[in-house]
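> Pasting a predicted model and its sequence here:
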Amino acid sequence: MQQVYNFAAGPAVLPQPVLKQVQAEFLSYHGSGMSVTEISHRSSLFQDIYHDAEQTLRQLMGLPDNYRILFLQGGASLQFYMLPLNIATKRRAAYVDTGHWSQKAVTEAEKISGMQVDIVASSKASSYTTIPVMPTLTKDYDYVHITTNNTIEGTAFTQLPEVTAPLVADMSSNILAQNYPFEKFGVIYAGAQKNIAPAGLTVVIVRDDLLGQVTGLPTMLDYTLQAQKESAYNTPPVFDIYTAGLVFHWLQDRGGIAGIEKINRAKAGILYDYLAQSKLFSSPVAADARSMTNVPFVTGDPELDAEFVAAADAAGFKNLKGHRLVGGMRASLYNALPIDAVAALVDFMEKFEKGAG
Ligand code: PMP
């Protein structure tokens with residue numbers, strides 16, 4: 001079979017050793033004679049999986065005891081609404097607009113009855129190729145929302161804004177890929193399908209003092225109840241949580257977030273260094289705002305872009321087409337993508353450049 005490198009933005013590449021372990025254990029989990037997809041979420045087999053995944057994630061992120069980790073469903077998109085529902089007690093929130101996904105977060109928050117959403121900073125003027133500077137906030141906000149990594153635009157926060165209200169983050173596309181001072185956040189949420197597990201799981205991390213603020217919420221949308229029930233009020237995504245646990249251990253074996261960040265930095269460096277000197281391809285993103293996990297690049301000619309994507313696909317470099325909103329190309333370099341894949345891609349781009357020149 002042809003060697004294939006998967007640069008998809010999500011669902012995305014998972015670690016080969018994890019996939020192999022899933023395969024090996026699939027028919028009979030831990031000698032039970034049952035697949036992990038067949039066991040009860042109330043069984044001790046699953047309870048062990050759940051607690052191990054929760055503990056390993058807590059260790060990886062260095063989360064203190066006053067944070068709850070929830071394994072929910074509905075994607076990051078449900079969190080756009082669920083988060084304000086649970087913590088916007090004053091009905092006033094600040095959002096940083098860094099592109100497509102942060103705008104979706106705003107749109108959903110605005111649907112909450114009586115909600116005032118202020119966009120306090122935006123990188124719209126630079127077509128979202130930068131991360132905006134945070135002004136001093138004078139109003140009393142329930143929270144300040146940022147998108148730590150902008151999957152489509154290829155930007156990321158390196159410095160966190162200094163704010164007095166709880167900082168909350170959509171971390172969908174760089175959770176566990178680079179270190180942040182996680183204890184500075186009130187809430188962190190992320191769809192799992194990029195750096196954690198197959199699609200179907202949403203990780204939500206909530207600081208205790210933000211729980212119990214609002215009563216009478218629909219059961220499935222209530223952080224407090226989900227925390228009390230350890231994410232198992234209803235049937236949790238058993239297979240996803242199991243796979244996530246394996247990915248967390250895989251990450252621990254690679255030196256945790258600090259270890260993988262070093263590799264991610266090296267991976268992104270290979271591609272950005274090549275783009276900096278290429279006469280054909282370039283990065284549209286400001287140098288100090290560049291994402292390590294999602295790297296957009298362009299030739300400046302949509303037809304040539306399409307030609308490149310097709311040639312790359314035929315050579316085994318899959319899913320390099322940029323998001324339909326921005327065009328061009330995008331290489332997603334999540335944790336499980338090996339550094340060899342980036343080196344091979346750059347090699348291929350060099351050859352393509354020579355051919356096009
Ligand atoms: N936020 C960001 C930053 C994303 O990249 C995505 C998905 N690409 C989403 C939110 C939406 O996630 P989901 O599909 O899990 O709802």
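Looks like it arrived, so ask away.
> which residues in the stretch 251-357 of the chain form helices?
Secondary structure of the stretch 251-357 of the chain by DSSP state H, counting those that start in this stretch: the helices cover 256-277, 302-314, 339-356.
> right, and the ones you listed - which one's nearest Val187?
The minimum distance between Val187 and these falls on helix 256-277, with 18.7 Å, by Cβ to Cβ. (Glycine included, C-beta is placed from N, CA and C.)
> follow-up on the earlier one: now mean neighbour count and distance to the ligand too, for the helices of the stretch 251-357 of the chain, in a markdown table please.
Output for the helices of the stretch 251-357 of the chain, formatted as a markdown table (neighbours: other Cβ atoms under 10 Å; distance: least, Cβ to the nearest ligand atom, whole Å):
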| stretch | mean neighbour count | distance to the ligand |
| --- | --- | --- |
| helix 256-277 | 17 | 16 |
| helix 302-314 | 15 | 19 |
| helix 339-356 | 16 | 20 |
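> Which one, of the ones you listed, ends up nearest to Phe46?
Comparing the helices of the stretch 251-357 of the chain by Cβ to Cβ, helix 256-277 comes nearest, at 25.2 Å.
> Show the pLDDT at the nearest residue to Ala312 once chain neighbours are set aside.
Excluding the flanking residues, the one nearest Ala312 by Cβ to Cβ, 6 or more residues apart in numbering is Leu320, at 5.1 Å. Listed pLDDT for Leu320 reads 98.
> so who does Leu320 touch?
Contact analysis of Leu320 by Cβ atoms under 8 Å, 6 or more residues apart in numbering lists Phe7, Phe308, Val309, Ala312, Asp313, Met329, Arg330, Ala331.
> Gln2 versus the fifth one, what's the distance?
To tie it back to what came earlier, the one meant is Asp313. Asp313 sits 11 Å away from Gln2, taking Cβ to Cβ, to the nearest Å as the criterion.
> Repeat that for Gly269.
Taken as Cβ to Cβ, the span from Gly269 to Gln2 is 27 Å.
> what do you get for Ala312?
According to Cβ to Cβ, Ala312 stands 13 Å off from Gln2.
> With Ile175 instead?
31 Å.
> so who does Ser278 touch?
Contact partners of Ser278, counting by Cβ under 8 Å, 6+ apart, are Met349, Glu353.
> Show the model's pLDDT score for it.
The predicted local confidence for Ser278 is 98.
> ditto for the one 3 residues further on
At Phe281 the predicted local confidence, pLDDT, stands at 97.
> same check, this time on Arg324
Reported pLDDT for Arg324: 87.
> Compute the distance between it and His100, please.
Relative to His100, and taking Cβ to Cβ, Arg324 is found at 11 Å.
> Give me the more crowded residue out of those two.
Remark: of Arg324 and His100, His100 carries more neighbours, 17 against 7, as counted by other Cβ atoms under 10 Å.
> wouldn't the more buried one be in contact with Gly154 here?
No - taking Cβ atoms under 8 Å as the definition, His100 is not a contact partner of Gly154, at 11.4 Å.
> Next to the ligand, which bits of the chain? Give me the list.
Residues of the chain lying close to the ligand by Cβ under 6 Å from any ligand atom are Gly10, Gly75, Ala76, Ser77, Trp101, Thr147, Thr151, Asp170, Ser172, Ser173, Gly191.
> Please flag which of the residues you listed sit within strands.
Judged by DSSP state E, the residues of the chain next to the ligand include Thr147, Asp170, Gly191 as members of strands.
> just those now: which is nearest the ligand?
For those, the minimum distance to the ligand (Cβ to the nearest ligand atom) is 2.6 Å, reached by Gly191.
> Show me the residues of the chain next to the ligand that map onto helices.
Those of these mapping onto helices are Gly75, Ala76, Ser77, Trp101, per DSSP state H.
> Can you get me a residue count around the spatially closest residue to the third one that is not a sequence neighbour?
Looking back up the chat, that one is Ser77. Leaving out its chain neighbours, the residue that sits closest to Ser77 by Cβ to Cβ, 6+ apart is Lys104, at 6.8 Å. Counted with other Cβ under 10 Å, the burial measure for Lys104 works out to 15 neighbours.
> and what of Asp140?
By other Cβ under 10 Å, the residues close to Asp140 number 9.
> In space, what's closest to Ile131 - neighbours in sequence excluded?
Ile131 sits nearest to Ala289 (Cβ to Cβ, 6+ apart), 4.5 Å away.
> how much space between the one you found and Leu217?
36 Å.
> These two: who's more crowded?
Remark: of Ala289 and Leu217, Ala289 carries more neighbours, 21 against 14, as counted by other Cβ under 10 Å.
> What residues does that one make contact with?
Contact analysis of Ala289 by Cβ under 8 Å, 6+ apart lists Ser123, Thr129, Thr130, Ile131, Thr155, Ala156.
> follow-up on the earlier one: Tyr141: which of the ones in helices among the residues of the chain next to the ligand is nearest?
Distances from Tyr141 to those, taken by Cβ to Cβ, are shortest for Trp101, at 20.0 Å.
> Surely that closest one and Glu153 touch.
No - Trp101 is beyond contact range of Glu153, at 9.1 Å (criterion: Cβ under 8 Å).
> Between the two, which has more neighbouring residues?
Ranked by neighbour count (other Cβ under 10 Å), Trp101 and Glu153 place Glu153 first, with 30 against 20.
> Just the pLDDT at that one, thanks.
pLDDT, Glu153: 97.
> these two touch, right, it and Thr129?
Yes - between Glu153 and Thr129 there is a contact under Cβ under 8 Å: 6.9 Å.
> Common neighbours of these two, please.
In contact with both Glu153 and Thr129: Val285, using Cβ under 8 Å, 6+ apart.
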